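J.: Build me a model from this:
(4 chains, ligands or ions: 6)
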Amino acid sequence: MLPLNATIVKINEESPSVRTFFFDYQFETMKAGQFVMVWVRGVDEIPMGLSSKNSITVQKVGEATSKLFELKEGDSFGLRGPFGVGFTLPSKGERTLVIAGGVGAAPLAPYAEAARIAGAEVYTVLGARSADDLIFEKRFAEAGNVYVSTDDGSKGVKGFVTDVLNDLDLSAYDRIAVCGPEVMMASVFRLLEDRKLLEKSEFSLHRYFKCGIGVCGACCIDRSGLRVCKDGPVFSGVQLLDSELGKYTRDASGRRVKI
Amino acid sequence: MLPLNATIVKINEESPSVRTFFFDYQFETMKAGQFVMVWVRGVDEIPMGLSSKNSITVQKVGEATSKLFELKEGDSFGLRGPFGVGFTLPSKGERTLVIAGGVGAAPLAPYAEAARIAGAEVYTVLGARSADDLIFEKRFAEAGNVYVSTDDGSKGVKGFVTDVLNDLDLSAYDRIAVCGPEVMMASVFRLLEDRKLLEKSEFSLHRYFKCGIGVCGACCIDRSGLRVCKDGPVFSGVQLLDSELGKYTRDASGRRVKI
Amino acid sequence: MYTLTGLKLKNPTILAAGVLGTTGASLCRVAREGGAGAVVTKSIGPAPKAGHPNPSMFELECGFLNAMGLPNPSYLGFLQELETAKKGSDVPVIASIFGGSPDEFKEVAEGLLPGKPDAFELNVSCPHAEGYGAAIGSNPCLVEAVTAAVKDVVNVPVWVKLTPNVSDITCIGNAAESGGADAVVAINTVKGMAIDIESGYPILGNRSGGLSGKAIKPIAVKCIYDLYTALEIPVIGVGGVSSWQDAVEMIMAGAAAVQIGSAVYDRLDIFSEISIGIEAFLKRKGYSDIKGLIGLSHEMV
Amino acid sequence: MYTLTGLKLKNPTILAAGVLGTTGASLCRVAREGGAGAVVTKSIGPAPKAGHPNPSMFELECGFLNAMGLPNPSYLGFLQELETAKKGSDVPVIASIFGGSPDEFKEVAEGLLPGKPDAFELNVSCPHAEGYGAAIGSNPCLVEAVTAAVKDVVNVPVWVKLTPNVSDITCIGNAAESGGADAVVAINTVKGMAIDIESGYPILGNRSGGLSGKAIKPIAVKCIYDLYTALEIPVIGVGGVSSWQDAVEMIMAGAAAVQIGSAVYDRLDIFSEISIGIEAFLKRKGYSDIKGLIGLSHEMV
Ligand SMILES: Cc1cc2nc3c(=O)[nH]c(=O)nc-3n(C[C@H](O)[C@H](O)[C@H](O)COP(=O)(O)OP(=O)(O)OC[C@H]3O[C@@H](n4cnc5c(N)ncnc54)[C@H](O)[C@@H]3O)c2cc1C
Ligand SMILES: Cc1cc2nc3c(=O)[nH]c(=O)nc-3n(C[C@H](O)[C@H](O)[C@H](O)COP(=O)(O)OP(=O)(O)OC[C@H]3O[C@@H](n4cnc5c(N)ncnc54)[C@H](O)[C@@H]3O)c2cc1C
Ligand SMILES: Cc1cc2nc3c(=O)[nH]c(=O)nc-3n(C[C@H](O)[C@H](O)[C@H](O)COP(=O)(O)O)c2cc1C
Ligand SMILES: Cc1cc2nc3c(=O)[nH]c(=O)nc-3n(C[C@H](O)[C@H](O)[C@H](O)COP(=O)(O)O)c2cc1C
Ligand code: FES
Ligand code: FES
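T.: Ligands and ions are numbered 1, 2, ... in the order given. All right, here's what the predicted structure looks like:
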């Protein structure tokens, strides 16, 4: 597909460094965890999870995201998608644990909402650097229970999401959905691996995308060779056994970069 | 569409110079009067009316048709189609007159049959050089009444189809469908024009086809500029008023050739 | 009304050469019923030519293949058609011509002058006619010579139609410009072929031919984009246009007008449809006319 | 089992260069899960390259446009991937390489030799990398020199991948053959571009790029057909293959094997699907192996 033209209809400031951009197009078939390629014309095209049918939630980190932060209502960007495999929805009555770190909350908020609508019980562990950086706490709270952790202790448990997880009986959940910085995901992965709970878990990965449609091979992970953009970005924990997760990633040239 | 591969399953000898080739593909949506492009590989591709959903009826006249006559059951040719606009089917109870000359009977036999199935009363004027050259007399007879004319008088009225028509009350018919050699069609056209019956009539034209799909312009007629392959081959008598019918045609180079 | 190389076009959509352009009546129909802003005739040569054996054109999954082989009744045979076209169409009629040498081009152009064509389009780009078309159009010296030869004998605008089957189309475009061309037209069809796997036969009677339609639009856009940068004279875009969006894309790449060929397969009034679509787009975007769009993408960096 | 330039292929379908070929693991997956008879790596050069900015690839109505810009970790960075590919895939692994001169080609080939590639494929055909690819591949002298340079330092087969963006691809094919190539691969992508009409921006980060997929199949078939006539060495077909029928068509045009690139977009196991389809076709037609089909259409007259 060619990029469609999306005009910004509303901008929400979620935290000092994170904004949600609502646009005038609805991805009706979107599954939580799927992403779009956001074309900031004249600059770059970058992957972003859909935080709702008609929004992306962006952390300002570099050139393209900074340029996005300069845009105002009425401005537009290009969008291709939705692409990739999203999180598996729970069945009615299942207990679902959502583990979100930082802007990783973006694809998980619509997941928590969809899980709730599907009739699941939803519990969220939401982590961030500080109280100010917590994203979508309200959306998660409306979908179920929320446990908060902050690195600086300004809200909830002081520490990381894993500190919260250590206190929970993880075996009581039917599904566990994880998204956040790679270091955090790697810790959660190890924790779940130790408790033999990987089968219930799904992780949304982040790798350098070029095509976004499963052809170029830029985003393939070791050792499976799976494409994050097409076979993922959401993988089951089992698919990630013996993988590069938490060890290294690749830059635009394909060179390995330590995490 | 690419030419599909049609294998000959049966060959009927309709007259000394006309054969019907049945093939293993059914053009289910075919309307009587529509044609296919028959690709005699290594030789030429030529237009042929469909004489049924799975047959063409061919008069041997030149290179490609002679080559077709060499083919046997199990041999194959290429087919593209069905193309063009067919004859308009009558409504229930309408009186339909079919005027067929020579191999012009090929597209008209399925028309007579379809008209009968639609509940119309079908009358056919079937002309040929001699009794041996009469084609599909049985199919027309099964669909309704048949008047026969032969040039040599070996069957029916001695003379041309127009000699039969002169004896009929043409105003008694709701529709008149005509196909045959151009000279015959031109006589019928003049006769119907005199009797102010052109509105009820349809003629199937024959011009040199290249593309067969309405793009190249080889088959356009004067003065309307209508394409015989796409806007026709079946035209209402009114569309042919002030036309080249009976006067000239064009050869492969586009030069006018007197009829 | 829209001016291109001095011609007054009803709108910026033009019937492409070789499509519904064999008879005067057909050209009139495309102008009147189809709504074309101008029409180009079938390419006419020095002598009558029957063209290649059939199959000479068919539809592919993406686009069309054709190898007509420049069938034409010669300029003598075509004069009466040109006169009919001029009389009956209310838009400029451009005579497409071909030849095997500068002299032949001259002969054909002069031969058609009595029919008063509004412009000439030189076909130095047909990919499947030995000794004609692309055989000339891939040689810059010949292109310049042919263009100059025709410019010499006519005083109406001369457009030169280019083939994409070269390493660098701008080099051929430059040659046309040096020869005095008033505009270039890009692109003719792209060399291609298809084989019937049941029999092993190449499908076209001529074995190979030229690809047109949707498949070649990105190729045409690139050629137009490059020619717009390289030349001073206008570029007329052609290749795979079948919607107003396609037309706008070509115009933004640098086309001063668009020609439409294969898409008449879908509907004859595609010309009105596209010109209405362009108008609506201009209005929505606040442009007063298409001039503002021509080459726009070159400014976006 | 099928022999091509001395390599034993599992079947005549090969992963094309630059598609799912950036990591060893990905190449192994295409071989094992995808069923490819051989795999070609991403084109590797002398120094790490990030490639062009995004968008670098997207789908069109017909086919795809891409301008990756030859991103690669350099031969030094790629060696470990090549080793992984060799270890984990059960089929030949062909290293695609590029450089800006015969010496650079030599350097890259020698640099990758420790990884024991089964063959080299020389990319002299990428249409959107300045100074590389087609910049070399449209010059017969350079193509011959580059081929000879690599042949000089390796003793595995060398394939040369050709660009269709030239007036006469057989002239480039001949140069490769003269340089000692064991096979040519045709075709790389066709120059193309697309513009976003809402903004006027060319969509690709590099503005223009290369067209692949269904749109270019007829162009590829024609190039293969012509190369088969012109050359003694095998022609490997690539461009728009997405079904076994497409593969058979290319083989009949003269391809000794087919490469598949863009079509992995639809499904990874397209390689098994196509090779099973070819087998079934051979059986139905009574051929003992694909040798009987190669170039068949040349005999049909
Ligand atoms: C599937 C997926 C979903 C994502 N969802 C979100 C989201 O919902 N919200 C959010 O804020 N961020 C998300 N990201 C991350 C986001 O893509 C990067 O933050 C963004 O690309 C940074 O671009 P930049 O130009 O601002 O930064 P740059 O200065 O260009 O780079 C900073 C870092 O961003 C990453 N990056 C840059 N370009 C790309 C690219 N083409 N593909 C992948 N990563 C890239 C790299 O890690 C790079 O080191 C997601 C990434 C992926 C792969
Ligand atoms: C719409 C249509 C339907 C037809 N239906 C029938 C039919 O049902 N049965 C039948 O026997 N004939 C039919 N014809 C006529 C048939 O197409 C010609 O008889 C056939 O093309 C002769 O080919 P040839 O190679 O044997 O003859 P040639 O020696 O090539 O030519 C003999 C004459 O056949 C005609 N002809 C040749 N090539 C073409 C062509 N490409 N397009 C049109 N006419 C051509 C010309 O008038 C030519 O003068 C139909 C024609 C048209 C246009
Ligand atoms: C059936 C057919 C005949 C053509 N004949 C000519 C011709 O005589 N002279 C010419 O310059 N171009 C000829 N062309 C090329 C078209 O004018 C046009 O350049 C090409 O088809 C690309 O445009 P399209 O994709 O809109 O068809 C022909 C194309 C077709 C399909
Ligand atoms: C995303 C992408 C990257 C490519 N990279 C390379 C490359 O690095 N080297 C090369 O020789 N060809 C490259 N190609 C060209 C393909 O190998 C192939 O020649 C072309 O895509 C036509 O085949 P297809 O239609 O099956 O994709 C690339 C193609 C695509 C789509
Ligand atoms: S980004 Fe191209 S395959 Fe994933
Ligand atoms: S045969 Fe081409 S338009 Fe009718």
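J.: Quick one: the helices in chain C, in order.
T.: C:24-32, C:74-88, C:102-112, C:134-137, C:140-153, C:169-178, C:217-230, C:244-253, C:270-285 (DSSP state H).
J.: And those helices, which one averages the lowest pLDDT?
T.: Ranked on mean pLDDT, the bottom entry among the helices of chain C is helix C:134-137, at a mean of 84.
J.: That helix near ligand 3 anywhere?
T.: No - judged by Cβ under 6 Å from any ligand atom, helix C:134-137 and ligand 3 are separated, with a smallest distance of 9.8 Å. Where C-beta positions appear, they are placed from N, C-alpha and C, glycine not excepted.
J.: Close to ligand 3: what parts of chain A are there?
T.: Not one residue of chain A sits near ligand 3, judged by Cβ under 6 Å from any ligand atom.
J.: let me redo that: the stretch 101-250 of chain C
T.: C:123, C:125-126, C:161, C:188-189, C:212-213, C:216, C:238-241.
J.: Name only those of those that count as buried.
T.: C:123, C:125-126, C:161, C:188-189, C:212-213, C:216, C:238-241 (16 or more other Cβ atoms under 10 Å in any protein chain shown).
J.: what's the lowest-pLDDT member of the residues you listed?
T.: When these are compared by pLDDT, C:Cys126 scores lowest at 79.
J.: Could you pull up the residues touching the nearest residue to that one once chain neighbours are set aside?
T.: With sequence-adjacent residues excluded and distances taken as Cβ to Cβ, 6 or more residues apart in numbering or on different chains, C:Cys126 is closest to C:Gly133, at 3.0 Å. C:Gly133 makes contacts with C:70, C:98, C:123-127, C:163, C:188, as judged by Cβ atoms under 8 Å, 6 or more residues apart in numbering or on different chains.
J.: Try it again at 10 Å.
T.: C:43, C:70, C:98, C:100, C:123-127, C:161, C:163, C:165, C:188-189, C:210 (Cβ atoms under 10 Å, 6 or more residues apart in numbering or on different chains).
J.: What sits closest to the residue in chain A positioned nearest to ligand 4 if chain neighbours are left out?
T.: Closest residue of chain A to ligand 4, Cβ to the nearest ligand atom: A:Cys216 (4.2 Å). Distances taken as Cβ to Cβ, 6+ apart place A:Lys210 nearest to A:Cys216, at 4.8 Å, with adjacent residues excluded.
J.: if I look at the one you found, how far off is D:Thr22?
T.: 9 Å (Cβ to Cβ, to the nearest Å).
J.: Identify the contacts common to the two.
T.: With Cβ under 10 Å, 6+ apart, A:Lys210 and D:Thr22 have common neighbours A:216-219, D:68, D:71.
J.: which of the residues you listed are close to ligand 5?
T.: Among those, ligand 5 is touched by A:216-219 when using Cβ under 6 Å from any ligand atom.
J.: Just these: which are in strands?
T.: Within these, no residue falls in strands by DSSP state E.
J.: got TSV for those, with pLDDT too?
T.: Below are these laid out as TSV (pLDDT from 0 to 100):
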residue	pLDDT
A:Cys216	98
A:Gly217	97
A:Ala218	98
A:Cys219	98
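J.: which among those residues gets closest to B:Leu197?
T.: Minimum distance to B:Leu197 across these is 68.0 Å, recorded for A:Cys216 (Cβ to Cβ).
J.: returning to that earlier point: of the residues of the stretch 101-250 of chain C next to ligand 3, closest to chain A?
T.: C:Gly240 (14.4 Å; Cβ to the nearest Cβ).
J.: Distance check, the spatially closest residue to that closest one that is not a sequence neighbour against C:Asn188.
T.: Among residues not flanking C:Gly240 along the chain, C:Lys217 sits closest, at 3.1 Å (Cβ to Cβ, 6+ apart). Computed with Cβ to Cβ, the distance linking C:Lys217 and C:Asn188 is 14 Å.
J.: Need the residues touching each of the two.
T.: Residues touching both C:Lys217 and C:Asn188 (Cβ under 10 Å, 6+ apart) are C:Gly239.
J.: Make sure A:Arg129 is actually in contact with A:Ser15.
T.: Yes - here A:Arg129 reaches A:Ser15: they are 9.4 Å apart, a contact under Cβ atoms under 10 Å.
J.: So these two - more neighbours on which side?
T.: Applying other Cβ atoms under 10 Å in any protein chain shown to A:Arg129 and A:Ser15 shows that A:Ser15 carries more neighbours, namely 19 against 15.
J.: Just want to check the distance between that one and A:Ala128.
T.: 8 Å.
J.: can you list residues touching both of these two?
T.: A:102-103, A:134-135.
J.: tally of neighbours for the residue in the stretch 51-200 of chain A positioned nearest to ligand 1?
T.: At 1.9 Å from ligand 1, A:Gly62 is the closest residue in the stretch 51-200 of chain A, using Cβ to the nearest ligand atom. A total of 10 residues lie near A:Gly62 under the criterion other Cβ under 10 Å.
J.: List the residues that contact the residue nearest to A:Cys216.
T.: A:37, A:45, A:216-219, A:229, A:252, D:22, D:51-57, D:66, D:68-69, D:71, D:205.
J.: circling back to that earlier point, pretty sure the residue nearest to C:Gly240 is touching C:Ile260, no?
T.: No - contact criterion Cβ under 10 Å: C:Lys217 and C:Ile260 do not qualify, at 11.6 Å.
J.: With neighbour numbers in mind, choose between those two.
T.: C:Lys217 (28 against 25).
J.: mind checking how far the more buried one is from ligand 2?
T.: 30 Å (Cβ to the nearest ligand atom, to the nearest Å).
J.: again, but for A:Arg95
T.: 71 Å.
J.: Report the contact partners of the residue of the stretch 1-150 of chain A found nearest ligand 2.
T.: The nearest approach of the stretch 1-150 of chain A to ligand 2 comes at A:Leu2, 39.7 Å away (Cβ to the nearest ligand atom). Shown in contact with A:Leu2 (Cβ under 10 Å, 6+ apart): A:78, A:80, C:245, D:55, D:58-61, D:65, D:194-198, D:203.
J.: ok, now C:Val258?
T.: Contacts of C:Val258 (Cβ under 10 Å, 6+ apart): C:12-14, C:16, C:37, C:220, C:224, C:236-239, C:241, C:244, C:246-251, C:271, C:274-275, C:278, C:290.
J.: coming back round to it: list just the nearest of the ones next to ligand 5 among the shared contacts of A:Lys210 and D:Thr22 to C:Leu82.
T.: Of these, the one sitting nearest to C:Leu82 (Cβ to Cβ) turns out to be A:Cys216, at 52.4 Å.
J.: circling back: from the contacts of A:Leu2, pick the one nearest ligand 6.
T.: Nearest to ligand 6 among these, with distances taken as Cβ to the nearest ligand atom, is D:Glu61, at 24.6 Å.
J.: Now the closest one: closest residue in space, sequence neighbours ignored.
T.: C:Lys214 is the one closest to D:Glu61 (Cβ to Cβ, 6+ apart), at 5.9 Å.
J.: Which elements pack onto the longest strand belonging to chain A?
T.: Longest strand in chain A, counting residues (DSSP E): strand A:4-15. With contacts defined as 3 or more Cβ pairs under 10 Å, 6 or more residues apart in numbering or on different chains; DSSP states H and E, strand A:4-15 has these neighbours: strand A:18-23, strand A:35-40, strand A:55-59, helix A:63-70, strand A:76-83.
J.: per-domain residue ranges of chain A.
T.: A:4-83, A:95-258 (automatic domain parsing).
J.: hang on, the earlier thing: for the contacts of C:Gly133, which two are the farthest from each other?
T.: For the contacts of C:Gly133, the maximum inter-member distance is 19.4 Å, found between C:Gly100 and C:Thr189 (Cβ to Cβ).
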